[in-house]
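[1] here's a sequence, model it:
(2 chains)
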Amino acid sequence: MEYLTQQMTEMEVYGWEEWIGNWFFLLSLIYLAFELIRYVFIKQFNFNLLGDTVTNFLTLFMFIGVTILIAGIYISGFFYIHQFAIFDIGVNWATILICIVLADLAYYWEHRFMHRMNFAWATHTVHHSSPYFNISVAYRFGPMDGIWPFFFHAPLVLLGFNPFVVFFSEALVQFYQTALHTEAIKKFPEPVEAVMNTPSHHRVHHGSNEEYLDTNYAGIFIIWDKMFGTFAEEKNKVVYGLVKPINSINPFVAFFHGFYRIGKKMSNAKGLGNKIAYFFLPPEWVAKNEREFASAPTAAE
Amino acid sequence: MPSTISMITGLIVTGGILAAGGYAASYFPNAVEDGASDQPTPNKRMERPGTASGAMRSIASLAAGSEAEDGSSAQSVQGVPVSNDTADTSNDAADSDQASSAGISLTITNIRNDSGNIIVLVFDDKIAYKNYDYEKAADYAEIPAQAGSMSVDFPSLNAGPYAIGVFHDEDKNQDLNVDGNGNPTEGYGTSGASGPYDDPSFKKASVSPGNVTVKMHYLQ
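    Numbering: from 1, shown residues only, chains lettered A, B, ... in the order given. Predicted coordinates for the structure are as follows:
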């Protein structure tokens, strides 16, 4: 118990984050090998799947490149805000545990925001654009995926959590979700499914089925979706990917299609009002004067 | 698009949970240890006098460093002016004529004995005052106590406003001793305080250069 309140240095916290992240990555690769073998066994393995898997990691590297460029601004932004900290909160496992729960709540809203506003969807659509669902998809990231978290986790820093504690918590919310990207694990016992985010819940989130769209935004705990009315149970077989698929394993198509699509919508739109609307509104929205040409008003991209 | 009301409700609920979490986490602040300093800036936040001895622990850690070197309790902090007014127990008329340009002339009253030292911390910054962050104090003095009243001058403090805290460190442990309930067993006082249980804000404690009187309070 006393171990939980023992003060750590910021570098120790960062060290833990690196250690956990590296091990997660290694174990993910091992699990990926298992999943690929499983695909062979269930006769779903093909070149497209393999290409998509490689593309997932290529988007990861591009994402890391972008994130490194803004890392300095991100970190110094957090430390600037931390000067105005409301509470005096120490650096120890007890506060990290609390921060993880709060970061999970912050992530729920960040994730919902990234699905429901086009200018943010432009980067998150990358992650959802794979027609497959295996652990390599967990590493499929878009160009601005490392930028939006800043705004949703800054309140935690303002509350008084040390920036490194917040980084650790953000990372842990991400690491946990890595393990959810699989079809090989069906459903857990009911108590687990009721509280935690699970592969089943996350499959639903990645589904382009009508009833699964815009649900299960959770990171670690599914309770936020239940609390805020965005929960859906896995019943029908999930169809993965986007409502309008990209049909490509080209890593550049994967990484940039979101920006390309929003750019096209805004440039094709008639009138400044519609252009601005396309920027801020949800992906399924179509301008009035274009509606007769759209496939369906509720089609999401 | 969910209704505006449900979005607002959601955000209010979220805000409440975040606030509760932050408040709960504040029960695990960073510890301040005597002499220990594995952080670059020790004592970011200290507790207010009259409630705990956190403030004095910071001075103890500062003194512990110098104590190791010369084997005796530090009588003064390097680079900070310390005046010992044993011969001058009241303000000169000349001083009060030049009050506005001769800094602060502090009189401490109600000191109960000659034991130990009087420690004075002068702050010109609201956050430093709130945290009793001695590193950001505008000035500091540590002088042998005299029963009754005594004076300390800070001639360089000509800006302001300033908030002043004083302690009677009777046992010279460079710490404001408290009992099990957190009540001080040594003397303490703050400029602008209305009584022993008053913990004035920076604004209420603020004084300008000139003559200032602070009363020492003893609970036990």
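
[2] okay, CA-based contacts and neighbour counts for the rest of this
    Noted.

[3] what does the stretch 151-300 of chain A put close to chain B?
    Within the stretch 151-300 of chain A, the positions lying close to chain B (C-alpha under 8 Å from any C-alpha of the partner chain) are A:156, A:159-161, A:228.

[4] tell me how far residue A:41 lies from chain B.
    Distance of residue A:41 to chain B, given as C-alpha to the nearest C-alpha, to the nearest Å: 43 Å.

[5] got the CA coordinates for stretch B:141-157 in PDB?
    Written as PDB, here are the backbone C-alpha positions of stretch B:141-157 (Å, rounded to 0.1, in the frame of the first residue of the first chain):
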ATOM      1  CA  ALA B 141      15.500  37.100   8.200                       C
ATOM      2  CA  GLU B 142      16.400  34.800  11.100                       C
ATOM      3  CA  ILE B 143      17.400  36.600  14.200                       C
ATOM      4  CA  PRO B 144      17.600  35.700  18.000                       C
ATOM      5  CA  ALA B 145      14.300  36.300  19.800                       C
ATOM      6  CA  GLN B 146      13.800  39.000  22.300                       C
ATOM      7  CA  ALA B 147      10.800  38.900  24.700                       C
ATOM      8  CA  GLY B 148       8.200  41.500  24.100                       C
ATOM      9  CA  SER B 149       8.800  43.500  20.900                       C
ATOM     10  CA  MET B 150      11.700  43.700  18.500                       C
ATOM     11  CA  SER B 151      12.400  45.200  15.100                       C
ATOM     12  CA  VAL B 152      13.800  44.000  11.800                       C
ATOM     13  CA  ASP B 153      14.500  46.300   8.800                       C
ATOM     14  CA  PHE B 154      14.300  45.400   5.200                       C
ATOM     15  CA  PRO B 155      15.700  48.600   3.600                       C
ATOM     16  CA  SER B 156      15.700  47.200   0.100                       C
ATOM     17  CA  LEU B 157      12.000  46.400  -0.100                       C
END
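
[6] buried residues in that stretch?
    B:141-146, B:149-155, B:157 (16 or more other C-alpha atoms under 10 Å in any protein chain shown).

[7] next: stretch A:43-58.
    In stretch A:43-58, counting by 16+ other C-alpha under 10 Å, buried: A:49, A:52-58.

[8] of those, closest to residue B:15?
    Top of the list for closeness to residue B:15, among these and by C-alpha to C-alpha, is residue A:56 at 35.3 Å.

[9] does the closest one count as helix, strand or coil?
    helix (DSSP: H, G, I helix; E, B strand; the rest coil).

[10] which ones are touching the closest residue in space to it that isn't next to it in sequence?
    In space, and not counting its chain neighbours, residue A:56 is closest to residue A:140: 4.5 Å by C-alpha to C-alpha, 6 or more residues apart in numbering or on different chains. Residues in contact with residue A:140 (C-alpha atoms under 8 Å, 6 or more residues apart in numbering or on different chains) are A:55-57, A:59-60, A:126-127.

[11] hang on, the earlier thing: which pair of the buried residues of stretch B:141-157 spans the longest distance?
    Going by C-alpha to C-alpha, the pair spanning these furthest: B:146 and B:157, at 23.7 Å.

[12] quick check, the residue in chain A closest to chain B?
    At 4.0 Å from chain B, residue A:90 is the closest residue in chain A, using C-alpha to the nearest C-alpha.

[13] can I get the CA coordinates of the longest helix anywhere in chain B in PDB?
    As assigned by DSSP state H, the longest helix anywhere in chain B is helix B:4-25. Taking C-alpha atoms only, helix B:4-25 is exported to PDB below (Å, rounded to 0.1, in the frame of the first residue of the first chain):
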ATOM      1  CA  THR B   4     -27.900  19.900 -27.000                       C
ATOM      2  CA  ILE B   5     -29.300  19.200 -23.500                       C
ATOM      3  CA  SER B   6     -27.900  15.700 -23.400                       C
ATOM      4  CA  MET B   7     -24.500  17.000 -24.700                       C
ATOM      5  CA  ILE B   8     -24.400  19.700 -22.000                       C
ATOM      6  CA  THR B   9     -25.400  17.100 -19.400                       C
ATOM      7  CA  GLY B  10     -22.700  14.800 -20.500                       C
ATOM      8  CA  LEU B  11     -20.100  17.600 -20.300                       C
ATOM      9  CA  ILE B  12     -21.300  18.600 -16.900                       C
ATOM     10  CA  VAL B  13     -21.100  15.000 -15.600                       C
ATOM     11  CA  THR B  14     -17.600  14.800 -17.100                       C
ATOM     12  CA  GLY B  15     -16.500  18.000 -15.500                       C
ATOM     13  CA  GLY B  16     -17.800  16.700 -12.200                       C
ATOM     14  CA  ILE B  17     -16.000  13.400 -12.500                       C
ATOM     15  CA  LEU B  18     -12.700  15.200 -13.400                       C
ATOM     16  CA  ALA B  19     -13.000  17.600 -10.500                       C
ATOM     17  CA  ALA B  20     -13.700  14.800  -8.100                       C
ATOM     18  CA  GLY B  21     -10.700  12.800  -9.500                       C
ATOM     19  CA  GLY B  22      -8.400  15.800  -9.200                       C
ATOM     20  CA  TYR B  23      -9.600  16.400  -5.600                       C
ATOM     21  CA  ALA B  24      -9.100  12.800  -4.700                       C
ATOM     22  CA  ALA B  25      -5.600  12.800  -6.200                       C
END
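
[14] could I get the average pLDDT for that helix?
    In this model, helix B:4-25 has an average pLDDT of 93.

[15] where does chain B have low pLDDT?
    Residues of chain B that meet the criterion pLDDT under 70 lie in B:1-2, B:31-101.

[16] who in it is up against chain A?
    Counting by C-alpha under 8 Å from any C-alpha, the residues of chain B lying close to chain A are B:10, B:14, B:17-19, B:21-23, B:25-31, B:39, B:45.

[17] which of those count as buried?
    B:10, B:14, B:18-19, B:21-23, B:25-26, B:28-31, B:45.
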